[in-house]
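[1] I'll drop the sequence and a predicted model, then ask my questions.
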Amino acid sequence: MNQRWSPARYERTADYLFPASQAAVEAADLRCGEVLLDSATGTGNAAAVALDRGARAIGVDSAPEQIDGARERLPGVTFAVADAEDLPVPTSSVDAAVSVFGIIFADNPIRALDELVRCVRPGGSVAFTTLSADGWPNHARTLLAAELGAPAPGFPTLWSAGDAAERAAADAGLAAIQVRSRELRLSLDAGRGFADQVTERLSALAALRAQLEARGGWVRASTRLDEYLAECAQFESSTPVLVDPYLVVSGRKP
Ligand SMILES: C[S@@+](CC[C@H](N)C(=O)[O-])C[C@H]1O[C@@H](n2cnc3c(N)ncnc32)[C@H](O)[C@@H]1O
């Protein structure tokens, strides 16, 4: 089990990431009545978007705890515990496939992308999102991991910078590739410590905080994290907002 994705911690992260599922499903051009495959579904964000559009969904994740949460949230959807690199889905059997901040975490993201393409019917679409290595969450992770004396978990991912994701989509055999820049936005309460708030919202940061608290290192780390977050927050009508750019990469299976 991967503790970072425990749904007890993950629920608020899923809320934060939800707009990216909307963007990915939109980019995959999913229509009413079609079937969507959501690889590394977590607690089923993209599957939920598919249902909202009158489509059906299949969700796969390697963390059983995530799939338990997804099943509870969306009882009508078929979910399976499996690795994104070896999907239990027949070839050319779905109309569209997405992975939202999912296959980028696979040991072999190229193989996981090939699997998405394999499952989609000819003419169907694939879309996946990639995190930016320059985004505040990655810097926050790196900062907290440094306080622990450990390498930052999970980064850099293969496609976290530049046009590598676009090349990967082409190498996976997709046509009509589009790369869209989008932003996740996290509004903060100006009256509370920013470090407290982001560790409440992002499960990967919460896991690092728990380790620091266990070692008595959280007070110093949170001061540093507060300083960093105060530098990168933007103010919208006096509300601090953290903006995290990401990419939505999509293409059609010929
Ligand atoms: C950041 S979460 C995103 C979850 C979901 N797509 C969302 O947007 O809320 C990453 C997910 O990838 C899953 N994951 C990581 N590596 C995986 C793999 N090799 N195969 C399947 N799922 C994987 C994790 O269990 C986790 O649920």
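    Right, received. Where do you want to start? Numbers count the residues shown, from 1 in each chain.

[2] Now do the phi/psi pair for Val198.
    Main-chain torsions, Val198, degrees, to the nearest 10: phi -70, psi -30.

[3] My guess is it contacts Leu205. True?
    Yes: using C-beta atoms under 8 Å, Val198 is in contact with Leu205, at 5.7 Å. Bear in mind the C-beta positions are built from the backbone N, C-alpha and C, glycine included.

[4] For the stretch 151-254 of the chain, what lies in contact range of the ligand?
    By C-beta under 6 Å from any ligand atom, no residue of the stretch 151-254 of the chain approaches the ligand.

[5] where are the low-confidence patches of the stretch 151-254 of the chain?
    Within the stretch 151-254 of the chain, the stretches with pLDDT under 70 are 152-156, 161-162.

[6] quick one, strands of it?
    175-187, 234-236, 239-252 (DSSP state E, counting those that start in this stretch).

[7] tell me, what's touching Val198 and Leu205 both at once?
    137, 140 (C-beta atoms under 8 Å, 6 or more residues apart in numbering).

[8] Smallest gap between this protein and the ligand, at which residue?
    Gly42 (2.6 Å; C-beta to the nearest ligand atom).

[9] who touches stretch 53-62?
    With C-beta under 8 Å, 6+ apart, stretch 53-62 has contacts from 2, 5, 25, 30-42, 44, 46-47, 50-51, 67, 70, 74, 77-84, 87-89, 94-95, 102.

[10] Adding mean neighbour count as columns, could you present the strands of the stretch 151-254 of the chain in CSV?
    Output for the strands of the stretch 151-254 of the chain, formatted as CSV (neighbours: other C-beta atoms under 10 Å):
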stretch, mean neighbour count
strand 175-187, 14
strand 234-236, 10
strand 239-252, 19
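
[11] can you pull the contacts of the residue lying closest to Thr157 once chain neighbours are set aside?
    Distances taken as C-beta to C-beta, 6 or more residues apart in numbering place Ile104 nearest to Thr157, at 4.0 Å, with adjacent residues excluded. For Ile104, the contacting residues are 128-131, 157-160, by C-beta under 8 Å, 6+ apart.
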